[in-house]
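J.: here you go, sequence then predicted model.
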Amino acid sequence: MSNTKKLRIAIIGGGIGGLTCAVALRDCPNIELTLYEQAAQITEIGAGITVWPRTWMFLKSMGLEEDLLTILPEGYSDEPKLAFEFRMSDRKDGFTFHKIYAKGGALCFHRQEIQKTLLKHVPEHCRIHLSHRLSRCEESEDCVKMYFENGLEETCDILIGADGIKSVTRELFQNNGIFYTGSQVFRGLIPKDDFAKSYPTHKALDGPIQYLDEGKPVDGPTIRSATTEEALHEFSGWEVEVGQLLGSIEKPSRWVIRDLRPMKTYVSRRIALVGDSCHNMTPHLGAGAGQAMEDGYVLGRLFSTAGPEKWERILQAYNHRFDLHTRPYRVAQTSAQMAGSGTYSRLPNDAANSETRQLLNGEPVVHSSTHGGQITVHPNGHSYTYTYGPKGLAGLALNRYALLCAVFASIGGLSFGYDQGVDFMTRWPISPLEEGFMTAVLELGALVGALCAGIFADNYSRRFSMFISCIIFCIGSTLQCGARSLLHLFIGRAIGGVGVGALSTLSPLYMAEISPPEVRGSLMALEQFAIVLGVVLGFWLGYFTRDIPGSASWRIPLGVQIIPAVILILGCTFLPASPRLLVLQGRYDEAIASLAQLRLRSLAEAQEDPLIQIEFLEMRVEAAMIHRRFGTAENSKSALSAEWIAWKRLFGKNYRDRTMVGILIAFFQQWSGINALLYYGPILVRNIGLSGGNVTLLVSGGIGIVQFLAVLPVIAYIDKWGRRPLLRGGSIAMTCSHFSISILIILFASDWTAHSTAAWIGVGFVYTFTAAYGMSFGPVAWVLPSEVFPLSMRSKGVALSTASVWVNNFLIGLITPVTLEWSAAGTFMMFAVASFLAYIWVTYNVPETANVSLEEIDEMFKSSAGREESILKAQIEEDLGLRALIVRLARDEVRD
């Protein structure tokens, strides 16, 4: 645009957001600014607003500090002070469970006073038109045309919609509009002086405070008058202070809480939305007015800084602020979640979600988050990130010792996969029932090993338990390799199964506990990688030894599996102890020494390194939660009785639904038919029409390779794609594949030689099933159980899920050869039905756990266990000095 033509900017709405935008635009050159307000005068409904440090920073940068300080009732000081207090109040003995301190505290202004101050600073060149209610607007390539109810028609180049939750401007975005959240509030004014005389020690006089409970959805009219008696009745049973507040309200009213459907964009070509017009926020979050002022400030400053000629890029930059990972998006989403749930206690109660809470208004409360390999602190509205180290390959190279330890530990998974992949039963003259038992006896032993592994690991150590498991596995493998009879082979398989089952529990447990935060995901992926690699190696070694004369053709593959077990035995002699277990046992000096070794630091360096100290304290917090939550009740009982109580708790009301998710995800994983393919691949391939030893073996060997390739992208993107979409999509693909194979067998099994194309199509469906499994139930069934249980029950919940894997694996191995002999088509149809039932079960019973907090999982399962643990965790962090250490770290950064 030419320098002589001014950019015409129109603001619809003279509320907090619209006025802030006008003030922020006062230094923007070469614009014509007009503000339209529907009321006859600019006034604001409401008593007060809370200004957090982040919003205060914006107001100061616009030069409003001096005027605002004159209307601040309590004055201002830079000293940190209590900004917000959260109390659990739905009981007579209410208690404070969280406090927020901020530089200067949370500043409370009378809404009309702050609006008058903004109006005073609106630039003189801004024309203000009152009594102009927008009825509709039209956007074209050249301008925006506005139609007002008073008959006026105007045009502008840029339209800024600041017209609130009932925004007319927003209608152009084809949003579904506002909706009732199911929540209501009592509103009213309390004369402060009278209240202070009546209740001089009331906590509400010291600053903003929230009295909370679980909340419940209600129904009723939009706005209506209410009585004090009605409010007191609704909150009967709450602590005394709540009744004192409600009893002091003058002329109470009852309002519904409305919200907006999430919008994909807040900017059209020439139109931008600010404040409640695009992301309504409940007043209970204390963020609505502040967010509106931030929106207006940012949009105005973008124009003033970049210049109006770059208006297209400015609007794009403004819209980018509402990307999924930005603070404004989290403010809006959290507010919507709180309103829609009927509860305002979820966010403050959830210590695990405290980063989101702090980011809402730039609060200076310091919080650490070591997930993903970094500690992030947010002092005074600014963010400082301390990273343990780089992620990915660079992180693995930097943590080469931890990588080496994890590689050795993953050999347990390799042994697990190898035993599934090696094929030797075709070289024994046994019946289908004996063949099924030959496979199933290993699973039975593995079930015993998996259940015993957790007990040994907790009472001794992870390393020693892995060492013993490898010894047991070697004994079983030796018996199998040297077997002279079918009975010897059965015994060897059972003993080897105990070792395999124990390693399937111990290896991932140890790897998780030694991994540095920044590469924990990569190191944990080694376990799944090793399992599938073992399957592939086992199969192809059996393939290349199939033509060796005599018993060597099966003794060699069975004997080779001893090699990785021996390597792990040797590795256990130098593997460091699990620092997490040492902390759980109260051996803190040894835990620090182990952490130092794993992080390639000397002991002296580890004791001075704040990042290692924070990691160590987080381990202590985790251990203290377990001891405090369950230690007192169980210390007075025998070890056997305490263990029984702990397992029994999994089936109590707080954990029953979670336990069923852990058990059934393993059930459907096995009954999808994957291990039937791994164990009896050659037989299954022959049943879909392919014959000839080499062709049959090569095709069935491809099953492992396809699964190996399918797992790789899931390891990288499972958190982005989510659990439910993978499980549901995989279920449908597996159902269709099994059903198609069954139909092919029914149609062409009588004469496969005449229908070779159909046989190869059947192979294609086998590979399709394998890929679908590798991208769904294969990896997700190992991830989901660790997410649905709160910390204190996670180890036992995961152990029970693992036991379910082996029980169902046992059943599959036992019956598959029998069902194949009875009906190959019926076998695949059985797996198709199981996969379809898995789809139904996932759809109605499995929650999405990706990036979900403990408290939100509680809501999914209608339980309070995780919320209670979140409160307990926050208290323990305070007691052990973890938060104090992070505060010091943040202050050092600010000082530097």
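T.: Structure received. Numbers count the residues shown, from 1 in each chain.
J.: over stretch 600-614, what's the mean pLDDT, rounded is fine.
T.: In this model, stretch 600-614 has a mean pLDDT of 80.
J.: okay, buried residues for that stretch please.
T.: Using 16 or more other CB atoms under 10 Å as the test for burial, stretch 600-614 gives 601, 606, 609, 611-614. The way it works is simple: take the backbone N, C-alpha and C, and place the C-beta from them, glycine included.
J.: so where is the stretch 101-250 of the chain shaky, pLDDT-wise?
T.: 174-183, 213-224 (pLDDT under 70).
J.: all helices of it, in order?
T.: Here the stretch 101-250 of the chain has its helices, by DSSP state H, counting those that start in this stretch, at 111-120, 192-198, 228-234, 240-247.
J.: looking at those helices, which is nearest to residue 72?
T.: helix 111-120 (9.0 Å; CB to CB).
J.: quick revisit: now the helices of the stretch 101-250 of the chain in TSV, with distance to residue 499 and mean neighbour count?
T.: Below are these laid out as TSV (distance: least, CB to CB, whole Å; neighbours: other CB atoms under 10 Å):
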stretch	distance to residue 499	mean neighbour count
helix 111-120	70	19
helix 192-198	71	12
helix 228-234	61	14
helix 240-247	60	17
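J.: from residue 824, how far off is residue 707?
T.: 21 Å (CB to CB, to the nearest Å).
J.: ok, now residue 7?
T.: Residue 7 is 74 Å from residue 824, by CB to CB.
J.: and residue 266, by the same measure?
T.: 58 Å.
J.: which of these two has more neighbours?
T.: Between residue 266 and residue 824, residue 266 has the larger neighbour count (other CB atoms under 10 Å), namely 23 against 20.
J.: thought that one was touching residue 276?
T.: No - the criterion here is CB atoms under 8 Å, and residue 266 misses it with residue 276 at 11.9 Å.
J.: tell me what the helix or strand harbouring residue 17 is packed against?
T.: Per DSSP states H and E, residue 17 falls inside helix 16-24. On a contact count with 3 or more CB pairs under 8 Å, 6 or more residues apart in numbering; DSSP states H and E, helix 16-24 meets strand 7-12, strand 31-36, helix 111-120, helix 288-306.
J.: what angle do the second one and strand 7-12 make?
T.: Per axes from the mean of the first three to the mean of the last three CA atoms, to 10 degrees, the angle that strand 31-36 makes with strand 7-12 is 20 degrees.
J.: try the third one
T.: Computed by the same axes, to 10 degrees, the angle separating helix 111-120 from strand 7-12 equals 160 degrees.
J.: report the backbone C-alpha coordinates of helix 111-120 in CSV.
T.: C-alpha atoms of helix 111-120 as CSV (Å, rounded to 0.1, in the frame of the first residue of the first chain):
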residue,chain,number,x,y,z
ARG,A,111,-13.2,-3.0,36.8
GLN,A,112,-14.7,0.4,36.1
GLU,A,113,-11.6,2.2,37.4
ILE,A,114,-9.2,0.3,35.2
GLN,A,115,-11.5,0.9,32.2
LYS,A,116,-11.5,4.6,32.9
THR,A,117,-7.7,4.6,33.0
LEU,A,118,-7.6,2.8,29.6
LEU,A,119,-10.1,5.2,28.1
LYS,A,120,-8.0,8.2,29.3
